[in-house]
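Engineer: coordinates only, sequence not included:
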């Protein structure tokens, strides 16, 4: 996404609005107050199918015509949502085959949202028709700048087991493998006599006695769901490109079993994310280490990997929850502003709050917006007004600027999907991701997330001096060759336990662990064990220091050195493998490969960072506490205080702060949940 694509160099701040929920007498006042708050864009329509098509084949645009015309009178731009996330009752009643089903075959019924399947030819027909009618009608409306396809694809559920899905999966598998012999080999069906002799025997995974379906089939099932979801989005994107060619196309949400990178590359102008930082537990008021709010910085980094500049289509603006789940307390004064700049610091060039006014009916009556039911001013309204005024002044400095990081966490969809079912790997991935992100945050080291894909290039990897690929269980020859070249060329690559022993089918290779990574790591795995509370993971002792021992977590591999260039960095201190090798560093070409035979803990991450010499972008000009996140976009430095208390920063040279137009030098206080924006 670029500022030019959005039609303005200014940062566009907006809000989600539902004119169909409110008496028309409120519209004019709502749009007037939006404009006064500094908002410039609204999203509408994504749940309004029954408004646009109240009966089969009868279309009505009057309500939204009037709403869009009113928004346009106040200079507001509009994002129109296609309404396919909420099929009308007449459709699901007349054609129950459009409904989704659980794995056990129980069909979801009308009454919530996202209760449909992507595979039904009937549903696809009706979706194509409503999108075409809307695109034809609104393609020339002066208020509309773009379209959101559906809403949060694969939210609520990312599994599909309707009859139409079984048929579509069978077709997908036949196209992928061509023959049952190849499918049987890929799925390892010789195990437990699962071999298929006719394509009609092939289904998506179904209930099994121990809830343990074929893992290789399950991995392909997730690939199918992703491809099928993208195909569903493509139907709509193609129509919008044809009938509304002058308006951009996006979709929102970061949900399971969907290759968002492929979808964005193939279909979208840019990607959109929905940010709700308090889905986590209550804030850690003692700031002792959870950094919970900053978990959303990592999610935003993942969004940035999909689309370097992106839209936050829904930004939390109030307490949240549904009538049957109260999840999020009210944002404390300053937190909405903090979260807004958190999203912007990590790459957002447009941001919309969810929602303008809290719904008075339905499931989301506790999912609060900027305005309360009574529609009177409150502190959230005042906070948004401050943000709107600031971004109207400084937004043009931000749009289009690239996030800067020297460390990247590597991810890929195959490992993510495979680990959902693999109980030996899933907890390792979670533990290591948390440990790396927290340690990097504490050391004020911005981080990118980079997805290893078929089109990933060596040049893209070489943008980062340090790469962390913690538990690449599935490691293809192509990606292994690229990582080998990265290290040889001078990069530092850090890997952890359970690396490299599976192929792209999820089957185990009959070569020593860590598979293709053994050469550049300079080690093999001699022994390994799962650890648990009754069999705790061993701590490690650093060979080059008298520092305290560091804990490991969840899994321990005992390593063998296989190269004269490999250094032993740490050994285990307990269990039957006490004294065994736990952590190594290998010089490979011009670079280094580290290998830890465990999941990463914060202490081990800090130990590695101490030894590879990566420095914070704050070094030399700014001293700041761990409560403050630093993020760099272009020539702008964002400083974000996640603490409920003021913190002190020490500027070693004078700097210009854009939000207040003040010069900062020496010891300066940053308010609770405060933000500084520094121009270098």
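Structural biologist: Great, that's in hand. A quick note: this is a predicted structure, and the numbers were derived from the prediction, not measured.

Engineer: Tell me how far the strand or helix carrying residue 261 lies from the chain's centre.
Structural biologist: Using DSSP states H and E, the element containing residue 261 is helix 260-267. Distance, stretch centre to chain centre, for helix 260-267: 14 Å (CA atoms, centre = their mean, to the nearest Å).

Engineer: helices or strands up against it?
Structural biologist: helix 215-243, helix 295-306 (3 or more CB pairs under 8 Å, 6 or more residues apart in numbering; DSSP states H and E). Backbone N, C-alpha and C define where each C-beta goes, glycine included.

Engineer: tell me the most buried of those helices?
Structural biologist: Per residue and on average, the most neighbours among the helices and strands packed on helix 260-267 fall to helix 295-306, with a mean of 22 (mean count of other CB atoms under 10 Å).

Engineer: Which residues does the very next helix or strand once past that helix contact?
Structural biologist: For helix 295-306, the succeeding helix or strand toward the C-terminus, using DSSP H and E, is strand 310-316. Identification of contacts with strand 310-316 by CB atoms under 8 Å, 6 or more residues apart in numbering yields 1, 16, 43, 79, 148, 250, 252, 270-278, 303-304, 328, 331, 336, 339-340, 343, 347-354.

Engineer: Run me through the strand neighbours of strand 310-316, direction for each.
Structural biologist: In the sheet, strand 310-316 lines up against strand 272-275 (parallel), strand 348-354 (parallel) (DSSP bridges).

Engineer: Put together CSV for the ones you listed, with mean neighbour count and mean pLDDT on each row.
Structural biologist: Output for the strands paired with strand 310-316, formatted as CSV (neighbours: other CB atoms under 10 Å; pLDDT from 0 to 100):
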stretch, mean neighbour count, mean pLDDT
strand 272-275, 26, 98
strand 348-354, 27, 98
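
Engineer: Ok, which of those strands comes nearest residue 574?
Structural biologist: Nearest to residue 574 among the strands paired with strand 310-316 is strand 272-275 (42.3 Å), distances taken as CB to CB.

Engineer: Now tell me what touches the helix holding residue 261 from outside.
Structural biologist: Residues outside helix 260-267 that contact it (CB under 8 Å, 6+ apart): 149, 226, 229-230, 233-234, 237, 249, 251, 254, 270-271, 305-307, 451, 453.

Engineer: Now with 7 Å, please.
Structural biologist: The contact list for helix 260-267, computed with CB atoms under 7 Å, 6 or more residues apart in numbering, reads 230, 233-234, 237, 249, 254, 271, 306-307, 451, 453.

Engineer: buried residues in it?
Structural biologist: 260-264, 267 (16 or more other CB atoms under 10 Å).

Engineer: Then stretch 112-124?
Structural biologist: The neighbour-count check on stretch 112-124 (16+ other CB under 10 Å) flags 113-120, 123-124 as buried.

Engineer: just to revisit the earlier point, now tabulate the helices and strands packed on helix 260-267 in TSV and tack on mean pLDDT and distance to residue 483.
Structural biologist: Formatted as TSV, these follow (pLDDT from 0 to 100; distance: least, CB to CB, whole Å):
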stretch	mean pLDDT	distance to residue 483
helix 215-243	98	21
helix 295-306	95	17
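
Engineer: Out of those helices, the one nearest residue 666 is which?
Structural biologist: helix 295-306 (27.8 Å).

Engineer: which one is residue 244 nearest to, not counting chain neighbours?
Structural biologist: Of all residues not flanking residue 244 in the chain, residue 139 sits nearest, at 3.9 Å (CB to CB, 6 or more residues apart in numbering).

Engineer: And the pLDDT for that neighbour?
Structural biologist: For residue 139, the model assigns a pLDDT of 97.

Engineer: got it, and residue 314?
Structural biologist: 98.

Engineer: Just give me the neighbour total for it.
Structural biologist: 23 (other CB atoms under 10 Å).

Engineer: cool, and residue 28?
Structural biologist: Counted with other CB under 10 Å, residue 28 comes out at 13.

Engineer: quick one, what contacts it?
Structural biologist: Contacts of residue 28 (CB under 7 Å, 6+ apart): residue 70.

Engineer: Tell me how far it lies from residue 292.
Structural biologist: 40 Å (CB to CB, to the nearest Å).

Engineer: which of the residues in stretch 581-593 are buried?
Structural biologist: Quick answer for stretch 581-593 (16+ other CB under 10 Å): 581-589, 591-593.

Engineer: could you give the mean pLDDT of that stretch?
Structural biologist: The average pLDDT within stretch 581-593 is 98.
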